[in-house]
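Enquirer: Starting from these lines, generate the structure:
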Amino acid sequence: MSIKGLIDCHTHTQFSVDSEADINLMIERAIELGLSAYAITDHCECNRWYSEEHYKGEDTYRYFDFGKDFENSVSAVTELKKKYSDKINLICGIEMGQALQDIEIAERIISDKRLDFVIASMHQLPKTEDFAFLDYTKFTQAEIKVLLERYFTEIHKLCLWGKFDILGHLTYVLRYIEGAYNIKVDMKPYDFIIEEIFKAVISNGCGIEINTSGLRQKYGDCFPSYDYVRLYRELGGEILSLGSDTHFVEDVGKGISEGAEIAKRAGFDYITYYKNRKPEFIKI
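Expert: Numbers count the residues shown, from 1 in each chain. As a prediction, the model looks like this:
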């Protein structure tokens, strides 16, 4: 499937702590690819909105001042929407991490009228290091099982709250456990709670994404994989977005055509982007 006419609704630029990608070059690459809609969704971790001094005594996350990153990103994209208005459907989004760890900040973010689109993600459990920085060689199988139970339980709570648009990379933690550390996980014990997550998402009028970053990483699959996308559809899910989760200009749109094929195979005829916090549908 050609990428032309599709969407990439999860991308990071120079305003994300883990990216140096020039925002103008990212947009120009999206235009070059012929995307119908392109969203910039820089990181904003709710539990690190303020400066380091505010979190004195907490040592489970090494980055701070996401409030400043949020303002810099949203202000820039708001202006660039005017500049590129005749060239691409540019979406002002945010990837909101750990919403329930600071609900006041989360409510502030979702009430910002400049935002078209909010992804809700879980990168870190309460009082636990970010999944990206954990050393899984120090975990027993039983400890990994507990970690995954905590992870999906927290995501379920997040989806019951449900004041976002799209649930980001549902099986994100597997990027590290199975991908980076090559530790095989039996996912069957989590099928029930994942089903409950999908029910909460659907009940609250939200959606999920097919995050294609795993296709270009050691993990080798999307987050979530086809089987879960199919389950979501069987439960009545209708809102499905596609995102490369790129942090580099050259990766804009990577895996999006494959993600669209997964969506089609799972029973979806449409993919979704957001404008003014309202879903818009594109036929696959």
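
Enquirer: low-confidence ranges in the chain?
Expert: 59-61 (pLDDT under 70).

Enquirer: max-length helix in it?
Expert: Secondary structure of the chain per DSSP state H: the longest helix is helix 141-161.

Enquirer: Identify the residues contacting stretch 121-129?
Expert: 45, 47, 60-61, 95-98, 101, 130-132, 134, 147, 150-151, 154-155, 158, 167-169, 172 (CB atoms under 8 Å, 6 or more residues apart in numbering). (Glycine included, C-beta is placed from N, CA and C.)

Enquirer: List buried residues within the residues you listed.
Expert: 45, 47, 61, 95-98, 101, 130-131, 134, 147, 151, 154-155, 158, 167-169, 172 (16 or more other CB atoms under 10 Å).

Enquirer: Can you get me the start-to-end distance on stretch 2-22?
Expert: Using CA to CA, to the nearest Å, the end-to-end distance of stretch 2-22 comes out at 25 Å.

Enquirer: To clarify, my last question referred to stretch 208-217.
Expert: 21 Å.

Enquirer: Ok, stretch 47-62 next?
Expert: Stretch 47-62: ends 11 Å apart by CA to CA.

Enquirer: same check, this time on stretch 241-248
Expert: 20 Å.

Enquirer: Use 8 as the first number for this chain going forward.
Expert: OK, 8 is where the count begins now, so the last one is stretch 248-255.

Enquirer: How far off centre is it?
Expert: 8 Å (CA atoms, centre = their mean, to the nearest Å).

Enquirer: Against which helices or strands is the longest helix of the chain packed?
Expert: strand 173-174, helix 198-210 (3 or more CB pairs under 8 Å, 6 or more residues apart in numbering; DSSP states H and E).
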